[in-house]
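Engineer: Using only what follows, build the 3D model:
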Amino acid sequence: MGNRWNELSIAEKGINMSEVKTGLIMEGGAMRGLFTCGVIDVFMEHNITFDGAIGISAGAVFGCNYKSRQIGRPRRYNKRYCRDKRYCSVKSLLTTGDLYGVDFCYRLLPEVLDVFDIRAFRENPMKFYVGATDVKTGKAVYHECQKGNEEDTQWLRASASMPLVSRTVNVDGMELLDGGIADSVPFAYMESLGYNRNVIILTQPKGYVKEPNKALPLMKAALKKYPAVIEAMANRHVVYNRQMNEIDAREQNGTVFVIRPPRSLNIGRIEKNPDELERVYQIGRCEAEKALPAMVEFLKTGTVNNQRGNTNEDCSSVSE
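Structural biologist: Coordinates of the predicted model:
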C-alpha cells in the first residue's frame, strides 16, 4: 500500500494503548491456518501490536510466531517441508501414533531447521495464551506461554493434537488434545481476562455452519477411555455454531473486529502442494491489507467501519 499511514506504528497513529486492552484471537483449522499466517504477517509488517493473543491448534503453533516477531516463518517451513515424511505422513501415524512427527515438528524444526527465536519471544511484552482440551473432563484448559521452553512447547503440541491422528499429550498432570474440541474460538476466555477490544481471525467464511462429525464412531472406539471428551466432540458442532452466532452479534454491535476468508479455502488438514499453501497464505494477506485501515480505526476508537479498502478486489482469486 506504500503510503505514510502504513509506515506508522499504532502509538504514532495516536492510539493510547493504556485506555484499552487489545486482544488477538486465532482460530485453528489445520492448513487453513496458512490464512492466519498471511494475516499476521501483514500485521507484523505494519507494526501492529496487541496486549495479548491466544491461538487454538494451528492458530497456536503458527500464531506463536507473532510473539517472536518472525514474519514468514510458518509459511516458509510449511512450504519447505510439507512433502517431508518426517513432518507429516501416514508412516509417522502408524509408527508413532502422531500424523505430524513430534520430534521433527517440536524439536528438529524449531531448534535446527528453522530456528524459533526464543529470546524475541521472551522479550515481547505481549502475553500469549494457548488452549487445549482435557480429555478426562472434556473441558477447555488454557496456558500462558511465557518462556518458549519445553513446557510451552508441550502446550503448543497439545493444542494442535487432532483426535484420531495424535496421541494425548501429558502436561501439568493432565492428558490433553486439540483445543478446538472444547473451545474453537476462545473470545469468551479472552474477555474474562479483561481484553475488551478484540480482533478475531477466523478460517471459515461468514455463514459457515459446522455439521456433526462423521468420524464420531471411530472416535468413540479410539477414545473409549475418555467419555467426557467423546461427548465434547459429539457436541462440537453445536458449540461452534453458537460461537459463530455470538461472534456475529459482537461484530454487528461493533465490539469485535473479524477477519475471515471470503469463501471456503478448500484446503484439507494435510496439504502436500506448496502452491496450495501459498494460495491460502496470499488470501490471508489480501484480506488483511483490505481490513488494515478499518482495524486500526477499531483499535484506536472502538468503532467498526465495515467499509474495507479495495472492496472490489476478490481475495479468493489471488495467487503468488
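Engineer: residue ranges of the strands in the stretch 201-320 of the chain, please?
Structural biologist: Ranges of strands within the stretch 201-320 of the chain are 256-259, based on DSSP state E, counting those that start in this stretch.
Engineer: all helices for it, in order.
Structural biologist: 216-222, 227-234, 236-253, 274-301 (DSSP state H, counting those that start in this stretch).
Engineer: Now do the buried residues in the last one.
Structural biologist: Right, helix 274-301. For helix 274-301, the neighbour count (16 or more other CB atoms under 10 Å) marks 274, 276-300 as buried. To be clear about C-beta, it is placed using only N, CA and C from the backbone, and glycine gets the same treatment.
Engineer: Please report how far Tyr281 lies from Ile48.
Structural biologist: 18 Å (CB to CB, to the nearest Å).
Engineer: Apologies, that question was intended for Pro186.
Structural biologist: Note on Pro186: its distance to Ile48, by CB to CB, is 20 Å.
Engineer: With neighbour numbers in mind, choose between the two.
Structural biologist: Neighbour tally, Pro186 and Ile48, criterion other CB atoms under 10 Å: the higher count belongs to Pro186, 28 against 20.
Engineer: Just the pLDDT at the more buried one, thanks.
Structural biologist: In this model, Pro186 is scored at 98, pLDDT.
Engineer: What pairs with the longest strand seen in the chain, parallel or antiparallel?
Structural biologist: The longest strand of the chain (DSSP state E) is strand 127-134. Note on strand 127-134: by DSSP bridges, its sheet partners are strand 52-56 (parallel), strand 140-145 (antiparallel), strand 174-178 (antiparallel).
Engineer: After the second one, which helix or strand is next?
Structural biologist: What it means is strand 140-145. Once the chain leaves strand 140-145, the next helix or strand it forms, by DSSP states H and E, is helix 150-159.
Engineer: Then the last one?
Structural biologist: Secondary structure here is assigned by DSSP H and E; on that basis, the next helix or strand after strand 174-178 toward the C-terminus is helix 187-192.
Engineer: Which stretch among the strands paired with strand 127-134 is buried most, on average?
Structural biologist: Comparing the strands paired with strand 127-134 by mean neighbour count (mean count of other CB atoms under 10 Å), strand 52-56 ranks first with a mean of 29.
Engineer: Report the inter-axis angle for that one versus helix 150-159.
Structural biologist: Angle, strand 52-56 to helix 150-159, by axes from the mean of the first three to the mean of the last three CA atoms, to 10 degrees: 50 degrees.
Engineer: Enumerate every residue touching Arg157.
Structural biologist: 61, 102, 105-106, 169 (CB atoms under 8 Å, 6 or more residues apart in numbering).
Engineer: Tally up the residues packed near Arg242, please.
Structural biologist: Neighbour tally, Arg242, other CB under 10 Å: 11.
Engineer: Pull up the distance across stretch 41-54, start to finish.
Structural biologist: 16 Å (CA to CA, to the nearest Å).
Engineer: Off-centre distance for that stretch?
Structural biologist: Averaging C-alpha positions (CA atoms, centre = their mean, to the nearest Å) puts stretch 41-54 13 Å from its chain's average.
Engineer: quick one: buried residues of it?
Structural biologist: For stretch 41-54, by 16+ other CB under 10 Å, it's 41-44, 46, 48-54.
Engineer: Listing request: residues of the stretch 151-300 of the chain with sub-threshold pLDDT.
Structural biologist: Along the stretch 151-300 of the chain, segments meeting pLDDT under 70 are nowhere present.
Engineer: out of the buried residues of stretch 41-54, which one sits closest to Arg75?
Structural biologist: Closest approach between the buried residues of stretch 41-54 and Arg75, by CB to CB: Asp41, at 7.2 Å.
Engineer: now the helix or strand harbouring the closest one against helix 274-301, angle please.
Structural biologist: Element membership for Asp41 (DSSP H and E) is helix 33-45. Between the axes of helix 33-45 and helix 274-301, defined by the same axes, to 10 degrees, the angle is 50 degrees.
Engineer: Point out the other helices and strands that helix 33-45 packs with.
Structural biologist: On a contact count with 3 or more CB pairs under 8 Å, 6 or more residues apart in numbering; DSSP states H and E, helix 33-45 meets strand 22-26, helix 58-61, helix 64-67, helix 73-81, strand 197-201, helix 274-301.
Engineer: hmm, 6 Å instead?
Structural biologist: The elements that helix 33-45 packs onto, with contact taken as 3 or more CB pairs under 6 Å, 6 or more residues apart in numbering; DSSP states H and E, are helix 274-301.
Engineer: that older thread, would you turn the buried residues of stretch 41-54 into TSV with pLDDT and distance to Lys214?
Structural biologist: TSV is the format used below for these (pLDDT from 0 to 100; distance: CB to CB, whole Å):
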residue	pLDDT	distance to Lys214
Asp41	98	34
Val42	98	35
Phe43	98	35
Met44	98	37
His46	97	41
Ile48	97	39
Thr49	96	41
Phe50	97	36
Asp51	98	39
Gly52	98	35
Ala53	98	32
Ile54	98	29
